[in-house]
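[1] Predicted structure and sequence below. I'll ask about it afterward.
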Amino acid sequence: MAETLLNITALSKSFDTAKGRVEALHKVDLNIREGEFITVIGPSGCGKSTLLRIIAGLDGQYSGTITLAGQNITGPGIDKGFIFQEHRLFPWLPVEKNIAADLSLRDPEVRRKVDELIELVKLGGFEKAYPKELSGGMAQRVAIARALLRNPRVLLLDEPFGALDAFTRAHMQDVLLDIWRRNQTTMIFVTHDIDEAVFLANRVVILKPRPGQIKSIVPIDLPYPRKKTTSSFQELRLRVLKLLDSLDELELTDGAGI
Amino acid sequence: MSHEISAAGPSLRAGSGRWKLLGLGLILPGAVLVLWQIFGQLGYISDLLFPTPLVILKAFVGLAQSGDLWDHFRISAVRALAGFALGGSLGLLFGILVGLFAKVEKMLDPTLQMIRMIPSLAVVPLFILWFGIGEESKILLIAKGAFFPLYINTYLGIRNVDNKWFEVTRVLGYSRIQQIRRLVIPAALPNILLGIRLSIGLSWLGLVVAELIASTSGVGYMMSDARQFADTPVVFVGIIVFAVAGLITDYIVRLAERRLLRWKESYNR
């Protein structure tokens, strides 16, 4: 078994809102191994995006500890790639310059890696296109290439395919698994789509809301490439669905959701 | 052969479409000119107040041939350009500083807004007292006008950069300088270019004010001189020169806009 890359211990985070203090995450413990594909799923308000943003170093002021390769996370940086729900490409830069961003394409090493990544995300021929000329799926692939150019230790994806239609989404899942297989980059992928969570992950982390806590972690021991139609896939899917459903009941009896 | 034809077809059609549009735009001014000429020749309108287009054209040709027009225009253009360069670059600089740093905004913006509210004409006597009637007072007057559109639009452009881009630059590990150079400036560029267009327009306006009041050269002087001798055609020539010069500079900035803002949705050609 590969060694721990990311260690989260007793992570709590609260926000001050107009209605008072809200605890977004409460004592979350999670260990992620090098090269692992983790998906995080849960109802809205369970703090899954907050968890991701804290790992990225975008949100601070939490209690508990997070270490990446043994180092405390002090802020955002290129060792933690982040893919937002929207592609967030710079509209004034063509595809290749968006991927290079602050690095110069005149550097032959950067040029070579950018060309490789364009090949990897299957965007050959679109090097000079502007973001406005790309479809949603293509733009998100550029964003993934931009993050991968920096060789991150971990790639954090915050519902990256949420805005895409079902066909594009399925295609993007295949592309992402292909990248993962080739680059062995550790992935933490937040989603609200059960199929997506089970299809991609080594382990599905189910969060429960108010306050955000880990409800359970479901290992997915299916070999890749997976087929969503197999009965073993459906069984696991059902297990995750049941766990999520029990959250709904919990919420209703609590009366907190209304 | 057939390839050539198909390649030329659309551009030809687009070309004739553009000419049609231009023709449509020329109908009204053309008709006015023709009626003006006819009524002028028939003596229905005063040739002192409204010299006919042909008389104006003759005055233009005369001034152009003697070289006077070119001399005056060159002097005027240099003044407008110098005033724009001075005021515009300061406007850009202050716009960037005030846009980026809240502290600078608190310190400078109230004062600058106060200066903005002072009409240019009101400071003319003071400028003449301070700087004399030489080039300095004129260029400073033009610079004052050119400063504000660029200042305000640069500032607005920078303030409107969405926080989500800043998150991206943080994740990508940009330094503060890189954030300014690679995010803030390009994102504010549409506003900055708009500011440049407005500033150039105001530079020509400021030039006229400066030259009409105290000057011994330039197109504005040529006009006020002609007015004193009731040489109305020359006044018209001056007006036309300013109009054309303004149009040309505006067109140049719009060309630059089209090139620099290719990436924008609204610049789909």
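    Nice, thanks for sending it over.

[2] Get me the contact residues on the stretch 101-250 of chain A for chain B.
    For the stretch 101-250 of chain A, the contact set with chain B under Cβ under 8 Å from any Cβ of the partner chain comprises A:101, A:102, A:130, A:131, A:132, A:146, A:147, A:150. No exception for glycine: its C-beta is placed from N, CA and C like everyone else's.

[3] Give me the buried entries from these.
    By neighbour count, with 16 or more other Cβ atoms under 10 Å in any protein chain shown, those hold A:101, A:102, A:130, A:131, A:146, A:147, A:150 as buried.

[4] Need the pLDDT of the fifth one.
    Among the per-residue scores, residue A:146 shows a pLDDT of 93.

[5] for it, helix, strand, or coil?
    Assigned by DSSP: H, G, I helix; E, B strand; the rest coil, the conformation of residue A:146 is helix.

[6] Quick check, it in contact with residue A:101.
    Yes: using Cβ atoms under 8 Å, residue A:146 is in contact with residue A:101, at 6.2 Å.

[7] Overlap in contacts, these two.
    The contact sets of residue A:146 and residue A:101 overlap at residue B:172 (Cβ atoms under 8 Å, 6 or more residues apart in numbering or on different chains).

[8] Okay, and which of the residues of the stretch 101-250 of chain A next to chain B map to helices?
    Using DSSP state H, the members of those that fall within helices are A:146, A:147.

[9] Max pairwise distance over the residues of the stretch 101-250 of chain A next to chain B: which two?
    The span of these, defined through Cβ to Cβ, is set by A:132 and A:150 at 24.7 Å.

[10] what's around the residue in the stretch 151-258 of chain A that chain B sits nearest to, how many residues?
    Closest contact between the stretch 151-258 of chain A and chain B, by Cβ to the nearest Cβ, is at residue A:156 (8.9 Å). For residue A:156, the count of nearby residues is 27 (other Cβ atoms under 10 Å in any protein chain shown).

[11] Mind checking what secondary structure it has?
    Secondary structure for residue A:156, judged by three-state DSSP, is strand.

[12] Tell me the pLDDT of it.
    Per-residue pLDDT puts residue A:156 at 95.

[13] Now for the closest residue to residue B:135 other than its chain neighbours: which residues touch it?
    Leaving out its chain neighbours, the residue that sits closest to residue B:135 by Cβ to Cβ, 6 or more residues apart in numbering or on different chains is residue B:79, at 6.9 Å. Residues in contact with residue B:79 (Cβ under 8 Å, 6+ apart) are B:135, B:138, B:139, B:142, B:207, B:210, B:211, B:218.

[14] cool, and residue A:200?
    By Cβ under 8 Å, 6+ apart, the residues touching residue A:200 are A:37, A:39, A:173, A:176, A:177, A:187, A:189.

[15] same thing with residue B:226?
    Residue B:226 sits next to B:232, B:233, B:234, B:235, B:238 when contact means Cβ under 8 Å, 6+ apart.

[16] Tell me the secondary structure at it.
    The local conformation at residue B:226, judged by three-state DSSP, is helix.

[17] which parts of the top helix by length along chain A are buried?
    For chain A, the longest helix by residue count, based on DSSP H, is helix A:231-254. Judged by neighbour count using 16+ other Cβ under 10 Å, the buried positions of helix A:231-254 are A:233, A:236, A:237, A:239, A:240, A:243, A:244, A:247, A:251.

[18] Does the fifth one touch residue A:203 like I think?
    No: taking contacts as Cβ under 8 Å, residue A:240 lies outside contact range of residue A:203: 11.1 Å.

[19] Next one: residue B:80 from chain A, what distance?
    Distance, residue B:80 to chain A, by Cβ to the nearest Cβ, to the nearest Å: 30 Å.

[20] That residue: neighbouring residues, count only.
    The number of residues packed near residue B:80 is 30, by other Cβ under 10 Å.

[21] show me what contacts it?
    Taking Cβ under 8 Å, 6+ apart, we find residue B:80 in contact with B:142, B:203, B:204, B:206, B:207, B:245.
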